[in-house]
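Participant: structure for the following, please:
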Amino acid sequence: MAVVNLTEAEFANTIENNELVILDFWAEWCGPCKAYGPVYERVSNEFPDVVFAKINTEEEQALSGAFNVRSIPTTMAFKESIGVFAQPGALPEEALRDLVSQLVKLNMDEVRAEIEAETDKEN
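Facilitator: From the prediction side, this is the model:
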């Protein structure tokens, strides 16, 4: 699947209707973002069942603010509509490939149980 450009209007639908979504928050003026783009594209081609989306932080400032993006590029991932990864900085190609492989295997029942346990502790 090709990398898609994601807007605020499409965001919720994309997260809710795809099992795994990898996000790249970027900007046109950002040198590291431009270097990361081809890496992101190459890795996306290896995982056709995963949605790889780019969010332009200049055009989608509300989304960037909602996720507290302070540094770009920032990579985030949502699996089964739950945020499971966020890291600023360009990831090396092998690290991104490894991350996606791990996220594909991630047991979301365990993740939901951990979230529930944390919520119970706070209450």
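
Participant: how about residues contacting the host helix or strand of Glu94?
Facilitator: Glu94 belongs to helix 93-105 when elements are defined using DSSP states H and E. Residues lying outside helix 93-105 but in contact with it, judged by CB atoms under 8 Å, 6 or more residues apart in numbering, are 20, 22, 39-40, 42-43, 46-47, 50, 75, 77, 79, 84-85, 91. For glycine as for every other residue, the C-beta is placed from the backbone atoms N, C-alpha and C.

Participant: in helices, which of these appear?
Facilitator: Among the contacts of helix 93-105, the members falling in helices (DSSP state H) are 39-40, 42-43, 46.

Participant: so which of the contacts of helix 93-105 is the closest to Glu114?
Facilitator: For the contacts of helix 93-105, the minimum distance to Glu114 (CB to CB) is 10.7 Å, reached by Val84.

Participant: what's the closest non-adjacent residue to that closest one?
Facilitator: Nearest non-adjacent residue to Val84, counting by CB to CB, 6 or more residues apart in numbering: Ala77, 5.4 Å away.

Participant: the one you found against Leu20, yeah?
Facilitator: Yes. Under the criterion of CB atoms under 8 Å, Ala77 makes contact with Leu20 at 7.0 Å.
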